[in-house]
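Student: based on what follows, work out the 3D shape:
(one chain, ligands or ions: 2)
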Amino acid sequence: MTVKDILDAIQSSDSTAADFAALPLPESYRAITVHKDETEMFAGLETRDKDPRKSIHLDEVPLPELGPGEALVAVMASSVNYNSVWTSIFEPLSTFGFLERYGRTNELAKRHDLPYHIIGSDLAGVVLRTGPGVNAWRPGDEVVAHCLSVELESSDGHNDTMLDPEQRIWGFETNFGGLAEIALVKSNQLMPKPAHLSWEEAAAPGLVNSTAYRQLVSRNGAGMKQGDNVLIWGASGGLGSYATQFALAGGATPICVVSSPQKADICRSMGAEAIIDRNAEGYKFWKDEQTQDPKEWKRFGKRIRELTGGEDIDIVFEHPGRETFGASVFVTRKGGTITTCASTSGYMHEYDNRYLWMSLKRIIGSHFANYREAWEANRLIAKGKIHPTLSKVYSLEDTGQAAYDVHRNLHQGKVGVLCMAPEEGLGVRDEEMRAQHIDAINRFRNI
Ligand SMILES: C/C=C/C(=O)SCCNC(=O)CCNC(=O)[C@H](O)C(C)(C)COP(=O)(O)OP(=O)(O)OC[C@H]1O[C@@H](n2cnc3c(N)ncnc32)[C@H](O)[C@@H]1OP(=O)(O)O
Ligand SMILES: NC(=O)C1=CN([C@@H]2O[C@H](COP(=O)(O)OP(=O)(O)OC[C@H]3O[C@@H](n4cnc5c(N)ncnc54)[C@H](OP(=O)(O)O)[C@@H]3O)[C@@H](O)[C@H]2O)C=CC1
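Tutor: Numbers count the residues shown, from 1 in each chain. Ligands and ions are numbered 1, 2, ... in the order given. Now for the predicted structure:
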């Protein structure tokens, strides 16, 4: 049995659940990996000079054993997330430490502690097998997977599964991720694939859409409401392109920050009106590595007031981190919220705390999303209220280049990867609904 036979079954219109259940599984499959013996390969280089094309490999790997509560999924398409960039440049630390730590927790988790890490935290594909105790899904189901892996043995995670002490991001802190022909997930990562999207379109939103939903919309995040002014950094990037859509769909006003006229056009085409080109306007929040420039925070805030008719920001959607955080805290209105999920430009933030406490602002840390939040975010995609922001699609062989593009900020929106899918455009099951939304679905394509 080969991966090709699985693909034939997926592409055949009359395959049944029983056919998929009866398909023998291959002993091995192709997967994107980083190697444990290469974690020091970029030692001494600046972050921007660490090249994912050198550390990312395409390997033939053995199929992992399937455990209770798990599923093996044939991956038709995946997408590149920034966490795979971090893994591939071994920053801020090597992900093999996560796999070792997970491997120490129990016998079955030992599977994850390998000399290679199969990366990737998104997928769209077809369930091949389910483990003992899985009732909600069966072979042949067309699915997407969110990337929250939890054990839920502790009471801590039972109000909000993100608070589980054994919470991990699949394909980053666990092995057997989505940039591969087959992936291993927990069955409570599975969600229905939106029927009007192709495999690569369906695989694109997952991680960033769920993260933006929790960070901006959910009560666990900023709890955005109608009329809020939302400052969105990187508004046409992975997270930002969904945050912008959530703001617009929720009756808020996005103030989109981007770095080129082309990206400004994309935001405009999504429906945003208030746009700041940080490059053209030349904001320099740091005078040097140690010193910020409050005059620049003020110039930025003045520009925001021009765009909003004199109002300040209710919610900042933060992720660049060190470079922007001081400005983000400053421009937030009295009682407003800075919600942060990342620190791309550096995690040691500095801000003037007087502007936080005297103006009763709040900083909220946010990370991915619980199953319910991921489900709600996926539901909005399935209903055509929020759309994928897929720009370019690469083959599995070219994943290194795809990760390089994201690392060097050469991309727009989301970058897709075909895994088993032999070409783009396959997997659409609801052509009628697709036709209704085709312009929005294609908004980011090939720009
Ligand atoms: C969905 C997509 C998401 C993204 O893309 S996010 C972006 C990518 N992700 C990242 O960049 C994050 C990568 N991860 C990390 O950098 C690290 O993962 C963390 C900094 C988050 C955590 O560091 P660590 O070293 O794993 O663990 P410790 O929790 O810092 O533990 C170190 C020791 O400190 C002890 N400790 C923790 N809290 C306390 C406390 N409150 N008081 C006293 N000790 C504490 C622990 O127990 C432990 O101890 P002992 O070394 O002996 O085991
Ligand atoms: N905690 C979590 O759950 C999650 C965390 N993340 C993290 O969030 C970060 C962003 O991810 P994602 O949106 O997918 O990445 P992208 O690279 O797709 O988008 C980020 C955008 O941010 C802008 N940006 C980058 N650097 C700076 C800077 N120094 N100052 C201002 N703007 C900047 C860029 O837009 P422009 O050039 O147009 O301004 C860029 O396109 C990553 O660090 C990632 O690891 C992502 C998802 C989930």
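Student: for the protein, what's the longest strand?
Tutor: Longest among the strand segments of the chain by residue count, using DSSP state E, is strand 70-80.
Student: what about that one and ligand 2, touching?
Tutor: No: using Cβ under 6 Å from any ligand atom, strand 70-80 stays clear of ligand 2, coming no nearer than 8.7 Å. From N, CA and C alone the C-beta is placed, and that goes for glycine too.
Student: list the neighbouring strands of that strand plus their orientation.
Tutor: strand 123-130 (antiparallel), strand 182-186 (antiparallel), strand 414-418 (antiparallel) (DSSP bridges).
Student: quick one, which of the ones you listed is nearest to E431?
Tutor: strand 123-130 (17.3 Å; Cβ to Cβ).
Student: which element follows the closest one toward the C-terminus?
Tutor: As assigned by DSSP states H and E, the chain's next helix or strand after strand 123-130 is strand 142-145.
Student: can you get me the centre-to-centre distance for that next one and its chain?
Tutor: Here the centre of strand 142-145 is set off from its chain's centre by 15 Å, with Cα atoms, centre = their mean, to the nearest Å.
Student: counting contacts, what elements does that strand pack onto?
Tutor: The contact analysis (3 or more Cβ pairs under 8 Å, 6 or more residues apart in numbering; DSSP states H and E) places strand 142-145 against strand 123-130, strand 190-192.
Student: the next helix or strand after that strand and ligand 1, are they touching?
Tutor: Using DSSP H and E, the helix or strand that follows strand 142-145 in sequence is strand 148-149. No: judged by Cβ under 6 Å from any ligand atom, strand 148-149 stays clear of ligand 1, getting no closer than 8.3 Å.
Student: by contact count, what packs against strand 148-149?
Tutor: Applying 3+ Cβ pairs under 8 Å, 6+ apart, one finds that strand 148-149 contacts strand 168-169.
Student: for the strand it packs on, packing partners?
Tutor: Against strand 168-169 (3+ Cβ pairs under 8 Å, 6+ apart) you get strand 148-149.
Student: 10 Å - rerun?
Tutor: If you count contacts as 3 or more Cβ pairs under 10 Å, 6 or more residues apart in numbering; DSSP states H and E, strand 168-169 packs onto helix 96-103, strand 148-149.
Student: related to what we said a few turns ago, does ligand 1 sit close to the longest strand of the chain?
Tutor: No: using Cβ under 6 Å from any ligand atom, strand 70-80 stays clear of ligand 1, coming no nearer than 11.5 Å.
Student: does D8 touch F20 like I think?
Tutor: No: the criterion here is Cβ atoms under 10 Å, and D8 misses it with F20 at 11.6 Å.
Student: okay, those two: which has more neighbours?
Tutor: Shown here are D8 and F20; by other Cβ atoms under 10 Å, F20 has more neighbours (20 against 12).
Student: who touches that one in this structure?
Tutor: Shown in contact with F20 (Cβ atoms under 10 Å, 6 or more residues apart in numbering): 6, 9-10, 74, 126-129, 138-141.
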